[in-house]
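# sequence and predicted structure below; questions after.
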Amino acid sequence: METTGCRLFGVDLHDEGVAAANRAAQERGLADRARFVCVDARKTLPVDAGSFDAAICIDSINHMYERSTVLREWRRVLRPSGRVLFTDPITVTGLPPQGGDDPAWWCDGRVRLHPAGPRPATAGGGWLR
């Protein structure tokens with residue numbers, strides 16, 4: 001953020017986390033470009049559709065039981081050319097067993113899962129290139 005000039009919108013479920021993030025942004029002189037709010041990330045985010053170029057979720061999607069809803073919401077807030085990056089510290093072997101959600105349904109078919117470690121981002125599909 002400091003070197004790219006980008007803007008940041010962050011969410012956390014806990015007031016303390018939001019307060020600490022806003023305080024850190026203020027201390028670094030980034031408060032005009034960084035905004036953190038207390039929101040349940042499993043719900044509709046308080047932003048307009050197509051607001052973001054990217055969405056990043058590090059090691060917390062495993063706490064979001066309605067993942068299909070979460071991923072559809074990410075798709076809503078991203079611009080058409082937007083990208084998403086998420087890591088899941090629990091699921092490392094691919095899709096859930098029969099009865100799990102269909103990833104094509106999550107985000108207009110634009111999600112590609114890469115089990116068993118990183119894969120080249122050239123897999124296509126619209127989310128990652």
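Looks like it arrived, so ask away. Numbering: from 1, shown residues only.
# residues in contact with the single longest helix found in the chain?
Longest helix of the chain, by residue count under DSSP state H: helix 15-27. For helix 15-27, the surrounding residues in contact (CB atoms under 8 Å, 6 or more residues apart in numbering) are Leu8, Gly10, Val11, Asp12, Ala31, Arg33, Ala34, Arg35, Phe36, Val37, Cys38. For every residue, glycine as well, the C-beta is placed using N, CA and C.
# if we go by neighbour counts, what in whichever helix or strand comes after that helix is buried?
Sequence order places strand 34-38 as the next helix or strand after helix 15-27, per DSSP states H and E. For strand 34-38, a neighbour-count test (16 or more other CB atoms under 10 Å) marks Ala34, Arg35, Phe36 as buried.
# hmm, the second one is touching Phe9, no?
Yes. With contacts counted by CB atoms under 8 Å, Arg35 reaches Phe9, the gap being 5.3 Å.
# list the contacts for Met1?
Leu8, Leu30, Arg33, Ala34.
# go with 10 Å
Counting by CB atoms under 10 Å, 6 or more residues apart in numbering, Met1 makes contact with Arg7, Leu8, Ala25, Arg28, Leu30, Arg33, Ala34.
# try Asp88
Cys57, Ile58, Asp59, Ser60, Ile61, Asn62, His63, Met64, Arg67, Leu113.
# quick one: buried ones out of these?
Cys57, Ile61, Met64, Arg67.
# would you put the C-alpha positions of the strand or helix carrying the first one in CSV?
Per DSSP H and E: Cys57 is located in strand 52-58. What follows is the C-alpha trace of strand 52-58 in CSV, where atoms were taken according to Å, rounded to 0.1, in the frame of the first residue of the first chain:
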residue,chain,number,x,y,z
PHE,A,52,-12.7,-3.8,-5.9
ASP,A,53,-9.9,-5.0,-8.2
ALA,A,54,-8.9,-7.8,-5.8
ALA,A,55,-10.1,-9.7,-2.7
ILE,A,56,-7.7,-11.5,-0.4
CYS,A,57,-8.6,-13.9,2.4
ILE,A,58,-5.8,-15.5,4.3
